[in-house]
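Engineer: coords below, sequence missing:
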């Protein structure tokens with residue numbers, strides 16, 4: 001559906017440009033946007049590679065395991081339906097840690113694996129379980145210590161102080177995460 005919407009907007013934009021004599025502007029805009037997209041992609045690839053590598057080093061050094069161990073009591077409270085020692089908790093912990101460090105791209109694979117594991121525990125395969133719903137809203141709120149991708153974008157676009165987003169980002173994501181947890185627990189209580 002979204003493809004049709006985007007396709008229609010592009011088609012309408014080209015038609016309007018053709019009728020108003022601004023077709024050259026559309027072509028120039030497409031070329032400059034493509035050039036900018038490649039530059040941003042290269043920057044993000046470098047940032048992503050560096051932080052994914054750091055996360056792998058932390059994993060091999062036992063930092064991830066130590067952080068996961070510290071998170072377990074909180075995650076057990078957040079996901080009471082997930083049995084002790086289930087692989088879903090490891091994937092959820094990896095997702096939470098990656099999101100906390102601002103590594104959304106590294107959090108995605110762990111989040112997908114967590115959902116697969118949570119689905120294996122789900123008794124009603126045609127609808128999401130309580131644990132799946134809680135994981136989804138908790139994951140979307142995404143408590144972040146440092147938003148690496150936003151800092152990289154701000155650097156790419158020559159921000160005078162790309163890291164000034166850290167303080168407001170922590171406050172905002174802390175509030176959104178608290179609201180998500182409160183909402184999830186309220187819905188669990190109502191159910």
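Structural biologist: Thanks, I have it. A quick note: this is a predicted structure, and the numbers were derived from the prediction, not measured.
Engineer: what does the helix or strand of the chain with the lowest mean pLDDT contact?
Structural biologist: Lowest on mean pLDDT, DSSP states H and E among the helices and strands of the chain sits helix 148-156, with a mean of 78. Contact with helix 148-156 is made by 39-40, 43-44, 47, 51, 101-105, 162-163, 165-166, 169, as judged by Cβ atoms under 8 Å, 6 or more residues apart in numbering. Where C-beta positions appear, they are placed from N, C-alpha and C, glycine not excepted.
Engineer: Go again with 7 Å.
Structural biologist: If you take Cβ atoms under 7 Å, 6 or more residues apart in numbering as the criterion, helix 148-156 is touched by 39, 40, 43, 44, 47, 51, 102, 103, 104, 162, 163, 165.
Engineer: pretty sure residue 58 is touching residue 65, no?
Structural biologist: No: Residue 58 is beyond contact range of residue 65, at 9.4 Å (criterion: Cβ atoms under 7 Å).
Engineer: What residues of the helix or strand hosting residue 173 count as buried?
Structural biologist: Using DSSP states H and E, residue 173 falls within helix 166-190. By 16 or more other Cβ atoms under 10 Å, the buried positions in helix 166-190 come out as 166, 169, 173, 176, 177, 180, 181, 184.
Engineer: Contacts for it next, please.
Structural biologist: Residues outside helix 166-190 that contact it (Cβ under 7 Å, 6+ apart): 78, 130, 133-134, 137-138, 140-147.
Engineer: Could you check the angle that helix makes with helix 148-156?
Structural biologist: 150 degrees (axes from the mean of the first three to the mean of the last three Cα atoms, to 10 degrees).
Engineer: The buried residues of helix 166-190: which two are farthest apart?
Structural biologist: Greatest spatial distance among those (Cβ to Cβ): 166 and 184, at 26.4 Å.
Engineer: ok, now which ones touch the residue positioned nearest the centre of the chain?
Structural biologist: Closest to where the C-alpha atoms of the chain average out (Cα atoms, centre = their mean) is residue 104, at 4.0 Å. Residue 104 is in contact with residue 149, counting by Cβ under 7 Å, 6+ apart.
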